[in-house]
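**Q** need a 3D model of the following:
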Amino acid sequence: MQEEGKDCFEHPDLLDSSRLSYFCQISVFCSESILYSTFYIQYSAKTLAFLFLSCRIQVTMNFAVIKTGGKQYKVAPGETLLIEKLPGELKKGDKVVFDQVLLVNDGSKTLVGAPLVPGATVEATFEEEGRADKVVVIHYRQKSRHFKKNGHRQPFMKVKIAAIK
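**A** Numbers count the residues shown, from 1 in each chain. Down below sits the predicted model:
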């Protein structure tokens, strides 16, 4: 949904009290300058209408649900995401393409796959690779001198979502 130039109080999504709090991308246009900024915030309908009295906003809810590493992630352009480690060697700045897209919402319509959306892809850039904090696993049985202590650090990859196609 991209409606440019509507006042905050006239916008139907901002006055709907059934959805009190959700994330969306806001582009703020004010009379003093052409464009202040584009940023992601969490807002409630009443607060946003109160904060931007003299501003005009453009609301786009562009997101997708992808499947990677046996997990599902809700992603939007510009978000940074920690995922399970992918096979192969990647360098910082390399492109990663996720082709298992389960749902795509471009703001005006939603496509739900059965199980995947045909032709939909999510492009991301590789930022870094690392290992999570150590998780200590202890096996203990009383009265039998049985004590085993193991540690585990799960590898992860950090990617930044570039585009949803």
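**Q** and the helices in this structure?
**A** Here the chain has its helices, by DSSP state H, at 12-15, 45-51.
**Q** quick one: residue 78 from residue 89, how far?
**A** Note on residue 78: its distance to residue 89, by Cβ to Cβ, to the nearest Å, is 26 Å. From N, CA and C alone the C-beta is placed, and that goes for glycine too.
**Q** more neighbours: which of the two?
**A** Between residue 78 and residue 89, counted using other Cβ atoms under 10 Å, residue 78 has the larger neighbour count: 14 against 6.
**Q** distance of the more buried one from residue 99?
**A** According to Cβ to Cβ, residue 78 stands 20 Å off from residue 99.
**Q** so where's the protein uncertain?
**A** For the chain, the stretches flagged by pLDDT under 70 are 1-60.
**Q** okay, strands next: where are they in it?
**A** Ranges of strands in the chain, per DSSP state E, are 6-7, 21-29, 38-44, 56-60, 63-68, 71-75, 80-84, 95-98, 101-105, 110-112, 122-131, 135-141, 146-152, 155-164.
**Q** can you list those in CSV and add mean neighbour count?
**A** Shown next, in CSV, are the strands of the chain (neighbours: other Cβ atoms under 10 Å):
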stretch, mean neighbour count
strand 6-7, 14
strand 21-29, 15
strand 38-44, 12
strand 56-60, 19
strand 63-68, 21
strand 71-75, 16
strand 80-84, 15
strand 95-98, 15
strand 101-105, 20
strand 110-112, 12
strand 122-131, 16
strand 135-141, 9
strand 146-152, 9
strand 155-164, 17
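**Q** quick check: closest non-adjacent residue to residue 136.
**A** Sequence neighbours aside, residue 151 is the residue nearest to residue 136 in space, at 5.4 Å (criterion: Cβ to Cβ, 6 or more residues apart in numbering).
**Q** residues contacting the one you found?
**A** For residue 151, the contact set (Cβ atoms under 8 Å, 6 or more residues apart in numbering) comprises 134, 135, 136, 137.
**Q** cool, and residue 116?
**A** The contact partners of residue 116, taken as Cβ under 8 Å, 6+ apart, are 99, 100, 101, 102.
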